[in-house]
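*Asks:* got a predicted model here, sequence first, then my questions.
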Amino acid sequence: MRLLKYEEDGELTITADLVGEDTIPPYAILSHRWGEDAGELTFEDVAGNAGKVQSGGKRIPPKIQFCGDQARRDSLQYFWVDTCCINKGNKAEHSLAIRSMFRWYRNAARCYVYLSDVPSSPCEGDEEAVPPPWELEFRQSKWFTRGWTLQELLAPSSVEFFSCQGKRLGDKISLEQQVQEITGIPCLALEGTPLSQFSTNERLQWKEGRVTKRDEDAWYSLSGIFDVEIAPAYSEGAASAFGRLMDEINKTKRCIRDIRHTDPCDDKKRIEDTKGGLLADSYRWVLDNTTFQKWRDERDSQLLWVKGDPGKGKTMLICGIIDELQSSMPRTTLLSYFFCQATDSRINSATAVLRGLLYMLVKQQPSLVLHVRKKHDHAGKALFEDANAWVALTEIWMDVLQDPGLNITCLIIDALDECVTDLPKLLDFIAKQSSMSHRVKWIVSSRNWPDIETRLDRAGHRTRLSLELNAESVAAAVGIFISQKVDQLAHEKHYKEELRHAVLQHLTSNANNTFLWVALVCQDLGVTASRHVRNKLALFPPGLDALYKRMMHQMGESADAEVCRCVLASTAILYRPVTVHQLVALVEQLKDVGDDVREIISLCGSFLTLREDTVYFVHQSAKDFLFAEASSKVFPDGAEDVHRLVFVNSLTILSRTLHRDMYSLKALGVSIEDVEPPKSDPLAASRYPCIYWIDHLCDSKPKSLANRVRDLQVLGAVDDFLRKNFLYWLEGLSLCKSIGKGVVSMEKLWSLVQEMCNQDRLAQLVQDARRFIMYHKGAIEGYPLQTYASALLFSPTGQL
Ligand SMILES: Nc1ncnc2c1ncn2[C@@H]1O[C@H](COP(=O)(O)OP(=O)(O)OP(=O)(O)O)[C@@H](O)[C@H]1O
């Protein structure tokens with residue numbers, strides 16, 4: 001980028017080509033209509049004399065004179081004008097300039113629109129008149145009819161309009177109403193709402209009626225508005241330029257859709273809801289905390305680690321911090337966050353974290369998708385799912401974080417301790433990347449784990465916010481939480497004042513600064529008649545584990561103790577939360593319970609909770625307790641045995657429900673993008689087994705040879721299933737949009753059977769099945785019924 005500058009002696013000079021965003025000083029930018037070529041100041045005119053406009057050469061046009069003067073009035077030394085700041089003789093520079101123009105306008109400190117056909121009022125004071133005397137000419141200005149001026153209006157945050165005498169008429173906010181009426185562009189877009197939030201059609205409409213000198217420019221001028229890049233090729237014609245633009249837009253859309261594995265915004269809402277709603281007064285203390293303020297305000301403080309014991313309120317604190325940042329940050333700052341949850345395999349791995357953060361980031365600044373598309377255009381969705389996903393994602397992140405166009409960014413990851421797969425890799429990544437750039441700030445939270453501490457210690461500029469060391473603030477926050485919960489109980493259960501006071505006292509003296517303890521006790525009191533409350537209060541021991549122990553004991557006393565145990569054991573080993581319907585299908589003991597399933601789940605209420613018909617653990621610490629403290633009670637035959645039972649049930653469900661063309665698509669060419677699950681979804685119960693049956697098989701550890709006969713039966717069932725249902729299973733995976741996971745699972749199955757002796761027949765079958773899915777995953781992923789068509793046609797005749 002080359003910039004103009006007026007020297008002390010009034011001479012106009014131009015800088016060398018400034019490469020790299022960091023080398024570019026603040027500048028003003030001109031938006032105008034081109035006049036006759038001969039009258040415009042060109043690059044040659046300016047650069048012809050060692051960067052100085054030759055004295056006695058071409059006269060400096062009034063608009064350029066105006067732009068320089070106005071920049072100086074606004075304390076800007078440099079300014080940019082398209083007529084003379086691009087060396088059009090250099091094809092590469094010209095092409096790069098066209099692709100960079102949107103960014104140059106966006107990054108300008110000021111944008112001046114010079115309206116050569118709008119005179120200001122000759123009389124002082126007339127500007128106060130409503131409508132102002134120049135309004136008609138303003139509305140009719142040809143500036144609003146040109147193609148390139150659309151991006152010049154939308155890209156910069158500040159756009160000011162000037163008359164041909166250089167008088168300021170207003171800016172795009174003060175004249176918002178008029179500009180909206182003239183252009184049809186909604187006020188929200190003029191106010192800076194990211195353009196990606198407007199549909200493709202809406203954005204295309206903004207260009208209607210606008211003209212460009214060259215036909216192709218009608219489409220090239222839109223690339224910035226759609227956050228894509230198309231290299232200009234001026235002889236191609238308008239139709240081809242339009243085709244290339246649409247092609248790029250579609251590829252970008254597809255890429256963003258493939259990155260999405262979960263939407264962290266939805267996860268945040270769900271987590272807040274399941275935890276009973278976010279109470280602002282219980283997190284606001286952090287805003288006055290000096291460690292937090294240091295992280296927020298100091299340039300050198302890049303990584304904040306929020307740490308605390310289970311149930312101390314870290315996740316809710318992070319939710320609060322996100323809300324506060326969102327409402328206080330400038331609109332251009334990017335905020336991306338991710339909530340790890342060990343109980344949900346979709347969001348408990350290092351790749352899921354990077355993918356989720358990336359998704360939120362590219363949704364806010366779609367131009368960053370270019371770094372993903374370099375790989376995604378070739379690899380498709382498998383890029384994020386196959387064995388190399390971590391490598392690919394870290395490379396993409398490196399490019400994103402080094403992108404000079406990346407806005408100021410804040411990245412937040414909650415519950416690192418719940419990242420089950422590849423946590424060390426993630427920690428090393430955070431430690432390294434958080435030391436790289438001042439423009440990217442990080443917040444992470446976790447329990448007080450020494451491993452996490454050791455790895456994060458490698459990051460430079462790290463600060464830690466320990467909830468235990470801020471006991472006073474946390475105690476006050478828990479106090480507010482207790483008051484709110486007790487008021488709610490007193491209201492709902494009609495407590496007398498005395499009882500309300502007793503509950504308040506008991507909770508305050510025993511909570512030990514632990515939100516979760518309060519939440520669990522209040523949940524129990526919520527189903528206790530008020531006459532029993534006093535007696536019950538004495539039974540709640542202080543401390544989380546003691547409380548869980550008591551709850552286990554209580555459950556063990558009930559007549560449904562065994563069913564509850566099976567439900568808890570199965571839910572604990574599932575790889576993600578399932579619906580009640582799916583749980584009934586997976587847990588044998590629930591089959592005879594009939595309509596009482598919800599009652600059984602509520603009997604496990606201290607550990608499980610139901611939300612929108614999905615069964616969740618109340619908290620990760622509840623699940624941890626089952627595996628650590630209560631393992632012998634919950635898993636009397638070991639967790640492997642529960643995996644085996646879930647595996648066996650999975651195959652039974654799948655064998656019963658899978659068949660050819662489950663969604664009655666009929667035509668072989670129906671794309672997955674056009675598939676809507678039928679109202680009564682034939683895969684409702686089999687979604688989970690379809691995706692996870694192999695994981696349960698592997699985690700049941702059949703190769704341990706603990707029970708040889710039973711293991712042979714298990715493997716016999718696998719052989720039988722694959723011979724009868726393999727293709728149906730692939731169709732099912734495609735309908736569940738999980739072919740990528742299927743590929744990984746087949747690899748796992750292949751390793752398993754290889755490690756087992758005397759399994760040659762099964763090994764050959766699995767080897768063939770594995771090859772089949774590897775070769776045809778693309779076709780099957782996009783078109784479920786191609787499983788039975790091209791996939792079979794293009795397979796070797798002798799394939800098993
Ligand atoms: N600001 C708040 N508003 C409402 N509820 C809160 C708030 N802070 C904590 N809680 C309650 O406390 C419980 C525990 O909080 P949270 O899940 O944030 O703890 P945590 O420190 O993240 O625990 P862990 O490390 O074990 O995951 C929540 O389920 C919720 O009921």
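*Replies:* Looks like it arrived, so ask away. Numbering: from 1, shown residues only.

*Asks:* so which bits of the stretch 501-650 of the chain are right by the ligand?
*Replies:* Contact residues, the stretch 501-650 of the chain versus the ligand (CB under 6 Å from any ligand atom): 515-516, 519, 619-621. Where C-beta positions appear, they are placed from N, C-alpha and C, glycine not excepted.

*Asks:* please enumerate the helices of the stretch 651-800 of the chain.
*Replies:* Ranges of helices in the stretch 651-800 of the chain, per DSSP state H, counting those that start in this stretch, are 687-699, 708-735, 739-755, 760-782, 790-793.

*Asks:* how much space is there between residue 744 and the ligand?
*Replies:* From residue 744 over to the ligand the distance is 28 Å, taken as CB to the nearest ligand atom, to the nearest Å.

*Asks:* kindly state the pLDDT recorded for that residue?
*Replies:* The model reports residue 744 with a pLDDT of 92.

*Asks:* what's the answer for residue 121, then?
*Replies:* Predicted confidence (pLDDT) for residue 121: 67.

*Asks:* re the thing from before, kindly reformat the residues of the stretch 501-650 of the chain next to the ligand as a markdown table containing secondary structure.
*Replies:* Formatted as a markdown table, these follow (DSSP: H, G, I helix; E, B strand; the rest coil):
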| residue | secondary structure |
| --- | --- |
| 515 | helix |
| 516 | helix |
| 519 | helix |
| 619 | coil |
| 620 | helix |
| 621 | helix |
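
*Asks:* which one of the residues you listed is nearest to residue 222?
*Replies:* residue 620 (47.3 Å; CB to CB).

*Asks:* tell me the buried residues in stretch 755-764?
*Replies:* Residues of stretch 755-764 classed as buried: 759, 762 (neighbour count, 16 or more other CB atoms under 10 Å).

*Asks:* what mean pLDDT does that stretch have?
*Replies:* Per-residue pLDDT over stretch 755-764 has a mean of 79.

*Asks:* now the end-to-end length of stretch 783-800.
*Replies:* The first and last residues of stretch 783-800 sit 23 Å apart, counting by CA to CA, to the nearest Å.

*Asks:* can I assume residue 120 sits in a helix?
*Replies:* No: read with three-state DSSP, residue 120 is coil and lies in no helix.

*Asks:* tell me the contacts of it?
*Replies:* Contacts for residue 120 (CB atoms under 8 Å, 6 or more residues apart in numbering) come out as 127, 134, 163-165, 167, 169.

*Asks:* and this protein, split by domain according to the record?
*Replies:* When the chain is parsed with automatic domain parsing, its domains come out as 4-195, 260-467, 473-540, 543-636, 641-800.

*Asks:* which of the helices of the stretch 651-800 of the chain sits closest to residue 206?
*Replies:* helix 760-782 (32.6 Å).

*Asks:* just the buried positions in the closest one, please.
*Replies:* Buried-residue list, helix 760-782, by 16+ other CB under 10 Å: 762, 765-766, 768-773, 776-777, 779-782.

*Asks:* out of the residues you listed, which is nearest to residue 702?
*Replies:* residue 762 (11.5 Å).

*Asks:* ok, that closest one - contacts?
*Replies:* Applying CB under 8 Å, 6+ apart to residue 762 gives the contacts 715, 718-719, 753.

*Asks:* from these, pick the one nearest residue 482.
*Replies:* The nearest one, if we look at those relative to residue 482 and count by CB to CB, is residue 718, at 52.9 Å.

*Asks:* so the closest one makes contact with residue 697?
*Replies:* Yes: assessed by CB atoms under 8 Å, residue 718 is found in contact with residue 697 at 6.9 Å.

*Asks:* C-terminal to the helix or strand where residue 270 lies, what's the next element?
*Replies:* Residue 270 belongs to helix 264-274 when assigned by DSSP states H and E. Note on helix 264-274: by DSSP H and E, the next helix or strand toward the C-terminus is helix 290-297.

*Asks:* count the residues that sit near the nearest residue to residue 280 once chain neighbours are set aside.
*Replies:* Nearest non-adjacent residue to residue 280, counting by CB to CB, 6 or more residues apart in numbering: residue 320, 6.7 Å away. Using other CB atoms under 10 Å, residue 320 has 23 neighbouring residues.

*Asks:* contacting residues around residue 320?
*Replies:* So residue 320 contacts 278, 280, 282-284, 286 (CB under 8 Å, 6+ apart).

*Asks:* now those residues: which count as buried?
*Replies:* 278, 282-283, 286.

*Asks:* now tabulate those in TSV and tack on pLDDT and distance to residue 217.
*Replies:* Formatted as TSV, the buried ones among the contacts of residue 320 follow (pLDDT from 0 to 100; distance: CB to CB, whole Å):
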residue	pLDDT	distance to residue 217
278	93	49
282	91	56
283	94	51
286	94	51
